[in-house]
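Engineer: Sequence and computational prediction follow.
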Amino acid sequence: MSDQNLTPQTDTKIQATATPLRCITGAVISGGMGYAVYLLMIAIATNFATKPIHSINPLVIKISSAVRTLVVGVVALGSGIFGIVAIGLLALGVQLLVQQLTKQKSSEN
């Protein structure tokens, strides 16, 4: 391959600034996704509870119980992460809003 046909890549990085509107929008999206994952977790746990394991082998019962616990736990972890991100973004949005309001008051004086 020849390097003549390749177009040079420019490394221009555009850094987006955080605004209160972006933070609140992200918090709403993350909170909605967290709630959806929470509802999914409830549905999975209910499904597992209504369908018992049909086996007399103790090893099968232990392994399937562990897998069910892991599945519900991983989904619960995802729900918790989305919830924490939503709270953090909401707090950042409030902090940025307060900073903007205090800058406007100090510039007026």
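Structural biologist: Looks like it arrived, so ask away.
Engineer: Closest to the centroid, which residue in this structure?
Structural biologist: Residue closest to the mean C-alpha point of the chain, counted by CA atoms, centre = their mean, is Phe82 at 3.1 Å.
Engineer: List the residues that contact that residue.
Structural biologist: Ser30, Gly31, Met33, Gly34, Val37 (CB atoms under 8 Å, 6 or more residues apart in numbering). Every residue, glycine included, has its C-beta placed from N, CA and C.
Engineer: Can you add distance to Leu96 and pLDDT and give the residues you listed back as CSV?
Structural biologist: Below are those laid out as CSV (distance: CB to CB, whole Å; pLDDT from 0 to 100):
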residue, distance to Leu96, pLDDT
Ser30, 17, 97
Gly31, 18, 97
Met33, 22, 97
Gly34, 22, 97
Val37, 27, 97
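Engineer: Between those residues, which sits nearest Gln15?
Structural biologist: Of all those, Ser30 has the smallest distance to Gln15: 20.9 Å, by CB to CB.
Engineer: So which residues of this structure form strands?
Structural biologist: Counting by DSSP state E, the chain has no strands at all.
Engineer: mind showing which ranges of it have poor pLDDT?
Structural biologist: 1-11, 109 (pLDDT under 70).
Engineer: isn't Ile61 right up against Ser55?
Structural biologist: Yes - in this structure, Ile61 is within contact of Ser55 by CB atoms under 8 Å, at 5.9 Å.
Engineer: In terms of neighbours, single out the busier of these two.
Structural biologist: Here Ile61 and Ser55 are set side by side on neighbour count (other CB atoms under 10 Å), and the busier one is Ile61, at 14 against 11.
Engineer: got a list of what that one touches?
Structural biologist: Ile53, Ser55.
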